[in-house]
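Colleague: Model the following, please.
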Amino acid sequence: MEYISRELENIVKKSAQTFKAVLVTGARQTGKSTLLRKMFPAVTSVTFDDPFMEEQAKQNPDMFMMLHEPPVYLDEIQYVPDLFRHIKMVCDRKEEKGLFYLSGSQPFKLMDLVSDSLAGRVAVIELAPLSMREIQGVIDGMPFLPTVDYVKTRKVTARDPGNIWNMIHRGGYPELQNKETDWSMFFSSYIKTYLERDVRELSAVHDLNAFRRFMVACAARTGQMLNYSNIADEIGKDATTVKNWIAILEASGIVYLLEPYMSSALKRAIKTPKLYFRDTGLAAYLTRWLTPETLANGAMSGAFFETFVISEILKSYSNAGLDYRYFVSYYRGKDKKMKKENGERSEESEIDFIIEQNGILYPIEIKQSSNVTANMASAFPVLDQIPEKKRGMGAVICMCPSPGMLRENILQIPVWYI
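Modeller: I've put the predicted structure just below:
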């Protein structure tokens, strides 16, 4: 299959010129190995998915390092954690940059290993599944922001993909962009490998069939507030087990927990995170939406559309080399005041997504409708109650054919402008 260019290529290249080691993390099959081998074809590569190489590195790391002198690419490095100490020693001894290229499919575990051994010596880069822009061949490195300037700039490269549900259902794994790859067979194999390697590695899960049912239960709740007890009741496990298993899905890049916006000014905000699958194709497979048409017309279409939009926004930040975890959130609570003849009353409201930059909060509502109104953003003024922050331009991301203004400070933005 023809290589699909990634927005992260420039960041990886710059990192290799300024750091002694470069670590590319992300879930399985996001294209980490393909990216590094394409960018650095002359560098010797070793994969620890190979049991022989894994055993050799574990049993005799000194000999392994002698036989594989830098520059070298080490794939699935998390399987050989003791090797990080030896990599550190080489980095401290040599002055050259770009000595080690590392990749692995357990981001959280890798971050622990890096912070213990390679802090200050390694650039850590997250590679997500393909974004809509990358699939369309658009490489512009622009993080999404609901502003007029962003819309004007993005208009040059934005392309309507036609039926967006084909993209939502197919998902963003590079191998699936080959139309000859069978969708069901790919995800069946993906889940089998994920359960047998990553799940066993990250935690002593003995009942893999129960974990598979747990994954299905989570996929059915993508876009919803996380309720551990509810999932536990469905799969016949206790809430503590579900919490541990959610941590495994998050640690291996399968799901993302969107935290609620916290402020002392919002006294009645809900403090529960929302659960989102990183790839809508995987979620569709687990919940048995077998075609784009059934997904688009099914009961979960709204949740999948929201999951896709938020995933694409997060990709726009990670592909620009930015750690989005510190400035994205959502709001749900009863801080909204409704004026009545006999006074005021509180009303529950929700803002699907909030981006914070330079003390400015940009609220976003996500609707799969093509006809949207400013009233859909009625919860945005809740953010005006926060004295130390300013509310910026807001937007409704939807299926509309073109961008426009719904109100002076509210845009309508087509999903394909993300």
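
Colleague: name the helices or strands packed onto whichever strand or helix holds residue 308?
Modeller: Residue 308 is part of helix 301-318 when elements are defined by DSSP states H and E. When contacts are defined as 3 or more CB pairs under 8 Å, 6 or more residues apart in numbering; DSSP states H and E, helix 301-318 sits against helix 164-170, strand 255-258, strand 274-277, helix 280-286, strand 328-340, strand 343-357, strand 360-366. From N, CA and C alone the C-beta is placed, and that goes for glycine too.

Colleague: when you compare where it runs with where strand 360-366 runs, what's the angle?
Modeller: For helix 301-318 against strand 360-366, the angle by axes from the mean of the first three to the mean of the last three CA atoms, to 10 degrees is 150 degrees.

Colleague: May I see the helices and strands packed on helix 301-318 organised as CSV, with mean pLDDT, distance to residue 400 and mean neighbour count added?
Modeller: Formatted as CSV, the helices and strands packed on helix 301-318 follow (pLDDT from 0 to 100; distance: least, CB to CB, whole Å; neighbours: other CB atoms under 10 Å):
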stretch, mean pLDDT, distance to residue 400, mean neighbour count
helix 164-170, 97, 12, 22
strand 255-258, 96, 24, 21
strand 274-277, 98, 23, 25
helix 280-286, 98, 20, 26
strand 328-340, 80, 22, 17
strand 343-357, 84, 16, 15
strand 360-366, 98, 12, 22
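
Colleague: Which one, of those, ends up nearest to residue 213?
Modeller: Among those, helix 280-286 comes nearest to residue 213, with 10.0 Å by CB to CB.

Colleague: Can you name the element that comes right after the closest one?
Modeller: Downstream of helix 280-286 (by DSSP H and E), the next one is helix 292-297.

Colleague: what distance separates that next one from the middle of the whole chain?
Modeller: 23 Å (CA atoms, centre = their mean, to the nearest Å).

Colleague: Show me what it packs onto, helices and strands only.
Modeller: Judged by 3+ CB pairs under 8 Å, 6+ apart, the packing partners of helix 292-297 are helix 164-170.

Colleague: next structured bit after the helix it packs on?
Modeller: Next in sequence after helix 164-170, counting helices and strands by DSSP H and E, comes helix 183-193.

Colleague: quick one on the thing from earlier: looking at the helices and strands packed on helix 301-318, spot the one closest to residue 75.
Modeller: helix 280-286 (21.5 Å).

Colleague: on that earlier part again, CSV for the helices and strands packed on helix 301-318, including distance to residue 246?
Modeller: As requested, the helices and strands packed on helix 301-318 are exported to CSV (distance: least, CB to CB, whole Å):
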stretch, distance to residue 246
helix 164-170, 23
strand 255-258, 7
strand 274-277, 8
helix 280-286, 15
strand 328-340, 17
strand 343-357, 21
strand 360-366, 23
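
Colleague: quick one: which of the ones you listed is nearest residue 54?
Modeller: Comparing these under CB to CB, the one sitting nearest is helix 280-286, at 26.1 Å.

Colleague: So what's the gap between the closest one and the chain middle?
Modeller: Relative to its chain's centre, helix 280-286 lies at 14 Å (CA atoms, centre = their mean).

Colleague: What separation do you get for the most centrally placed residue in the chain and residue 253?
Modeller: Centroid-nearest residue in the chain: residue 278, 4.8 Å away (criterion: CA atoms, centre = their mean). According to CB to CB, to the nearest Å, residue 278 and residue 253 sit 6 Å apart.

Colleague: Now list whatever residues contact both of those two.
Modeller: residue 27 (CB atoms under 8 Å, 6 or more residues apart in numbering).

Colleague: for this structure, which spans come out with low pLDDT?
Modeller: Low-confidence segments of the chain (pLDDT under 70): 107-109, 115-116, 202, 204, 337-346.

Colleague: mind running it again at 80?
Modeller: Of all residues in the chain, those with pLDDT under 80 make up the ranges 1, 106-120, 197-198, 200-206, 264-265, 267-268, 335-347.

Colleague: pretty sure residue 239 contacts residue 226?
Modeller: No: counting by CB atoms under 8 Å, residue 239 stays clear of residue 226, with 11.1 Å between them.

Colleague: neighbour count winner among these two?
Modeller: residue 226 (19 against 14; other CB atoms under 10 Å).

Colleague: Apart from its neighbours in sequence, what residue is nearest that one?
Modeller: residue 275 (4.7 Å; CB to CB, 6 or more residues apart in numbering).

Colleague: What helix or strand is residue 91 located in?
Modeller: Using DSSP H and E, residue 91 falls within helix 83-93.

Colleague: now what about that helix, what contacts it?
Modeller: Contacts for helix 83-93 (CB under 8 Å, 6+ apart): 20-21, 57, 61-62, 64-65, 70, 74, 77, 99-100, 102, 113-114, 116-118, 121.

Colleague: What number of neighbouring residues does residue 272 come out with?
Modeller: Residue 272: 15 surrounding residues under other CB under 10 Å.

Colleague: Show the backbone phi and psi for the closest residue to it other than its chain neighbours.
Modeller: Nearest non-adjacent residue to residue 272, counting by CB to CB, 6+ apart: residue 225, 4.7 Å away. Main-chain dihedrals, residue 225, degrees, to the nearest 10: phi -70, psi 140.

Colleague: For residue 225, list the residues it contacts.
Modeller: Going by CB under 8 Å, 6+ apart, the list of residues near residue 225 reads 270, 272, 273, 274, 275, 332.
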